[in-house]
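Engineer: pasting a predicted model and its sequence here:
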Amino acid sequence: MFTIAKIDFLEKPIVDVEIDNIHFADSRAVDFFDKDGYELTRLEQVYYSAQGYKVIKYTADHPGIFQPWISVRHENITIDHSCAMYRCSFEGDAKKQIEKHRQENHRVGWLLTSKQKWGLDLDIDYCDNQIAIVVIGWVIAGILYLTAAGKPDKLETAKKAMVAAIIGTALVVIAVLGYQTISNIINSVINSGT
């Protein structure tokens, strides 16, 4: 029923190559900078491609480095999205080029705040003819202990995210069980004629 794809883990996601300076003339090159996520600006897409990474549009056409992860064959279960994700840091020649262009457009400097990170994203939906629910909607924001570098605040954030995911899943299970119980009671009353 479930198929798990082999993920080619990027051990050290970095960009260290220069790109053509013409890309810095685009006034919207760093619009929608996603400092906490994995979606790439147009300028980042050019850098990542120059480095040899395959940039694709995944969930809701968000561009980034995404590798498909889990798929399913089942009439009632759908995987809305499932992938491994990466974010690169800028080093070497790329970093020098960004620092130079930052003088002309301070927003370009935002790219230098990007840190290497890894993530897994999974959303499994269950749907039948009576009810549609999200069974699992976990976003694991990355292998945080690798990027924590001894920073307790990052580990604390990871713990809070996991607790929220567990509570959210529990609420979904409680809601489904409640719905089924109430539905059964109503159906038995209607069918008994009282």
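Structural biologist: Sure thing, it's come through.
Engineer: doesn't Asp153 belong to a helix?
Structural biologist: Yes. Asp153 sits within a helix when classified using DSSP: H, G, I helix; E, B strand; the rest coil.
Engineer: just the pLDDT for it.
Structural biologist: pLDDT recorded at Asp153 is 73.
Engineer: contacting residues around it?
Structural biologist: Asp153 makes contact with no residue under the criterion CB atoms under 8 Å, 6 or more residues apart in numbering. C-beta coordinates here come from the backbone N, C-alpha and C atoms, glycine included.
Engineer: next one: phi and psi at the residue nearest the centre of the chain?
Structural biologist: Among the residues of the chain, the one closest to the centroid is Asp121, at 5.0 Å (CA atoms, centre = their mean). The phi and psi values for Asp121, taken as degrees, to the nearest 10, are phi -130, psi 130.
Engineer: ok, the one 4 residues further on next?
Structural biologist: When quoted as degrees, to the nearest 10, the phi and psi of Asp125 stand at phi -110, psi 140.
Engineer: so the closest residue to it other than its chain neighbours: helix, strand or coil?
Structural biologist: Once flanking residues are discounted, Asp125 sits nearest to Thr78: 4.7 Å by CB to CB, 6 or more residues apart in numbering. When classified by three-state DSSP, Thr78 comes out as strand.
Engineer: and the helices in the chain?
Structural biologist: Remark: helices assigned in the chain by DSSP state H are 42-51, 92-102, 144-148, 152-192.
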